[in-house]
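J.: below are the sequence and a predicted model for it; my questions follow.
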Amino acid sequence: MKRKNDLTLKEAMDRLVDAYGLREKLDEQAVASLWDDLAGGMVARHTVAIKLRRGKLYIKVDSAPLRQELTYMREGLIKTINERIGRVVVEKIQLD
């Protein structure tokens with residue numbers, strides 16, 4: 001029997017993560033770990049850095065043509081990332 005003040009382990013962990021301000025860092029790690037699958041091997045090899053700050057994903061690549069190609073893929077990447085994580089984490093992508 002569940003009492004009023006009982007929490008599931010997931011709810012308790014979510015509250016703990018939010019209380020310590022770790023949500024954004026964990027989201028950044030989740031996106032970085034998915035990046036190889038989402039972008040593909042060639043793009044991942046040329047990706048220098050991935051940072052997530054306040055819903056904006058900063059991606060740095062070492063190739064100008066690749067940067068241009070990713071520009072066209074922005075909306076699809078945002079949608080795919082958010083679907084894979086299960087909630088809206090990325091609202092915008094900035095390419096450097």
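T.: Here it is on my side, so go on.
J.: beyond the helix or strand where Glu83 lies, next helix or strand please.
T.: If you go by DSSP states H and E, Glu83 is part of helix 64-85. Sequence-wise, the next helix or strand downstream of helix 64-85 (DSSP H and E) is strand 92-95.
J.: what about that next one, distance to the chain center?
T.: Centre-to-centre, strand 92-95 and its host chain are 12 Å apart (Cα atoms, centre = their mean, to the nearest Å).
J.: and Arg54, how far is that from Leu7?
T.: Distance, Arg54 to Leu7, by Cβ to Cβ, to the nearest Å: 28 Å. Heads up, the C-betas are built off the backbone N, CA and C, glycines and all.
J.: between those two, who's got more neighbours?
T.: Legend: neighbour count by other Cβ atoms under 10 Å for Arg54 and Leu7, higher for Leu7 (11 against 7).
J.: still on that earlier bit, got the buried residues for the helix holding Glu83?
T.: Leu66, Leu70, Arg74, Leu77, Ile78, Thr80, Ile81 (16 or more other Cβ atoms under 10 Å).
J.: packing partners of it?
T.: On a contact count with 3 or more Cβ pairs under 8 Å, 6 or more residues apart in numbering; DSSP states H and E, helix 64-85 meets helix 23-39, strand 56-61, strand 92-95.
J.: relative orientation of the first one and strand 56-61 in degrees?
T.: Taking axes from the mean of the first three to the mean of the last three Cα atoms, to 10 degrees, helix 23-39 and strand 56-61 form an angle of 50 degrees between their directions.
J.: can you list contacts of helix 23-39?
T.: Identification of contacts with helix 23-39 by Cβ atoms under 8 Å, 6 or more residues apart in numbering yields 17, 44, 47, 50-54, 57, 70, 77, 80-81, 84-85, 89-90.
J.: how about 10 Å then?
T.: Applying Cβ atoms under 10 Å, 6 or more residues apart in numbering, the external contacts of helix 23-39 come out as 14, 17, 22, 43-47, 49-55, 57-59, 61, 66, 70, 73, 76-77, 80-82, 84-87, 89-90.
J.: what would the buried residues of helix 64-85 look like in a markdown table with pLDDT and distance to Asp36?
T.: Output for the buried residues of helix 64-85, formatted as a markdown table (pLDDT from 0 to 100; distance: Cβ to Cβ, whole Å):
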| residue | pLDDT | distance to Asp36 |
| --- | --- | --- |
| Leu66 | 93 | 15 |
| Leu70 | 93 | 15 |
| Arg74 | 94 | 18 |
| Leu77 | 93 | 13 |
| Ile78 | 95 | 17 |
| Thr80 | 94 | 13 |
| Ile81 | 95 | 13 |
